[in-house]
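# sequence first, then the predicted structure:
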Amino acid sequence: MPKLKKCDCLICRFENPKPTATAVIIKDQKLLVAKRTLKNEPFYGEWDFLGGYLQKNESPEEALKRELKEELGVDSKSTFIGNFTGTSFYREYKFSVMTSAYLTDITGNLKLNKKENSKLKWVSINRLKTIAFDSNQKILKYIKKKFVYDLKRVKKLIHQLDPSANVNEQSLYNALLNGHVSKVEKDGKLVGMGWIFPRQTLLRKQAVVEDMIVDNRERGKGYGRRILRDLINWAKNSGVEVVELTTNPKRVAANELYKSEGFWLHETNHYLLELK
C-alpha cells in the first residue's frame, strides 16, 4: 500500500466519517464473505463482508439493499446490529468511515458480480480469523461474542418445549438483537436457555420472558432459577418496570419457581390472534 496522506481541503478538515452499510449474512453458523478483486483498491485479495458506501439521498438500509442486488443478484431483509467506526482509503488518501452493520437475510440464487469480488465463501464464524478493514474487524469481534451458538442443541431444547416447533436460525439471531438471551452450559454443552424482550407502552417500560427451557435430564439443579435471575437482572439494568410471562398451569415446577422469585398471578384473559 502506498504512503497515505489526508486530504487537507476545507471540507475534509472536519474529518466527518463517510457512511457505509455492511451485510452480516449467516447460515448454519457460517458467514458469507467475498474476496476483493480490484488491484488498485485496499486489501486486494482479502476476504470482506458485502456492502458499500451510501449514495446521495440513500439511507443505510436502501444502500445495503442496492449493493446486495448489484453484487449478488439477491433481495434482502435487514435488522440493524450497530454502528462501527473505522478507516478506509482512496488512492493515497486515508479517511474515517462509519459502518452501519445489519443482520441480513437474503432470498434468491447467488450470482456474484465479479467486478469488485472474485469469489464467495461460507466460513464458520469461529474459523474466520480476520477480515478486510478495521471497522469490519470490530463487527467480526461482535459477531463472535453475540452469535455463536450450538444450533443442534438449541433445536433439541426447543423441541422439548414444543415438539412441533420449526426452529428458525434467523429468528434466534433477531431474538439476540431485540432483547436478551440467557444460556447455561455444562461441560461446554448447552443445557438451558431463556429469552426476554423489552416493550414500551404508554404507561411503562415492560419486558416479556419467553420460552424458558432446561434440558429434561438437567432439571432440579437450579439452572432454571439461574436463567430467570439473569433475565430479571437484565430487565433491571435496562430500566424495565414490570416483567411479565405466561406459562402452562400444568408446569408445576415452573409455576413454583416464578412465584418464589416474586411473580404474582395476574387475573386477566389471555387472547391470541394468529395472523396468516
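Alright, I've got the coordinates.
# show me this protein divided up by domain.
For the chain, automatic domain parsing gives the domain ranges 12-146, 151-260.
# same list (the ones you listed) but as CSV, adding mean neighbour count.
C-beta here means a position set from N, CA and C on the backbone, and glycine is covered the same way. As requested, those are arranged in CSV below (neighbours: other C-beta atoms under 10 Å):
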stretch, mean neighbour count
domain 12-146, 16
domain 151-260, 15
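# could these go into CSV alongside distance to Leu273 and mean pLDDT?
What follows is the domains of the chain, written out as CSV (distance: least, C-beta to C-beta, whole Å; pLDDT from 0 to 100):
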stretch, distance to Leu273, mean pLDDT
domain 12-146, 23, 93
domain 151-260, 15, 93
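# can you list contacts of stretch 236-253?
Identification of contacts with stretch 236-253 by C-beta atoms under 8 Å, 6 or more residues apart in numbering yields 180, 196, 198, 204-210, 212, 219-220, 224, 231-232, 235, 254-255, 258, 263, 266, 270.
# looking at these, which are in strands?
Among the contacts of stretch 236-253, the members found in strands (DSSP state E) are 180, 196, 198, 205-210, 212.
# need the residues you listed in TSV with distance to Ser124, can you?
Output for those, formatted as TSV (distance: C-beta to C-beta, whole Å):
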residue	distance to Ser124
His180	25
Ile196	29
Pro198	31
Lys205	38
Gln206	38
Ala207	33
Val208	33
Val209	31
Glu210	28
Met212	29
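# next one: phi and psi at the nearest residue to Phe147 once chain neighbours are set aside?
The shortest distance from Phe147 to any non-neighbouring residue, by C-beta to C-beta, 6 or more residues apart in numbering, is to Tyr173 (5.8 Å). Tyr173 has phi and psi values of phi -70, psi -40 when expressed as degrees, to the nearest 10.
# so what's Tyr173 up against?
With contact taken as C-beta under 8 Å, 6+ apart, Tyr173 is in contact with 26, 79, 103, 147.
# again, only this time at 7 Å
When contacts are counted by C-beta atoms under 7 Å, 6 or more residues apart in numbering, Tyr173 is found next to 26, 103, 147.
# please apply the same query to Val184.
Val184 sits next to 191-192, 223, 226-227 when contact means C-beta under 7 Å, 6+ apart.
# just the strands in the chain please.
Under the criterion DSSP E, strands of the chain are mapped to 18-24, 26-27, 30-36, 47-48, 50-53, 75-90, 93-107, 117-124, 180-186, 189-200, 205-214, 242-245.
# for the ones you listed, which one sits closest to Val154?
strand 189-200 (6.8 Å; C-beta to C-beta).
# for His266, which non-adjacent residue is closest in space?
The shortest distance from His266 to any residue other than its chain neighbours is 7.6 Å, reached at Glu244 (C-beta to C-beta, 6+ apart).
# hang on, I meant Trp122
Nearest non-adjacent residue to Trp122, counting by C-beta to C-beta, 6+ apart: Lys30, 4.1 Å away.
# and that neighbour, how far from Asn166?
Distance, Lys30 to Asn166, by C-beta to C-beta, to the nearest Å: 20 Å.
# again with Tyr53
Relative to Asn166, Tyr53 is positioned 38 Å away (C-beta to C-beta).
# Gly179 too?
In this structure, Gly179 and Asn166 are 20 Å apart, going by C-beta to C-beta.
# returning to what we had before: can you pick out the most distant pair from the ones in strands among the contacts of stretch 236-253?
Maximum pairwise distance in the ones in strands among the contacts of stretch 236-253, criterion C-beta to C-beta, is 20.9 Å, between Lys205 and Met212.
# in CSV: the strands of the chain, plus distance to Ala63.
Rendered in CSV, the data for these read as follows (distance: least, C-beta to C-beta, whole Å):
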stretch, distance to Ala63
strand 18-24, 4
strand 26-27, 20
strand 30-36, 17
strand 47-48, 16
strand 50-53, 7
strand 75-90, 11
strand 93-107, 9
strand 117-124, 17
strand 180-186, 29
strand 189-200, 28
strand 205-214, 32
strand 242-245, 38
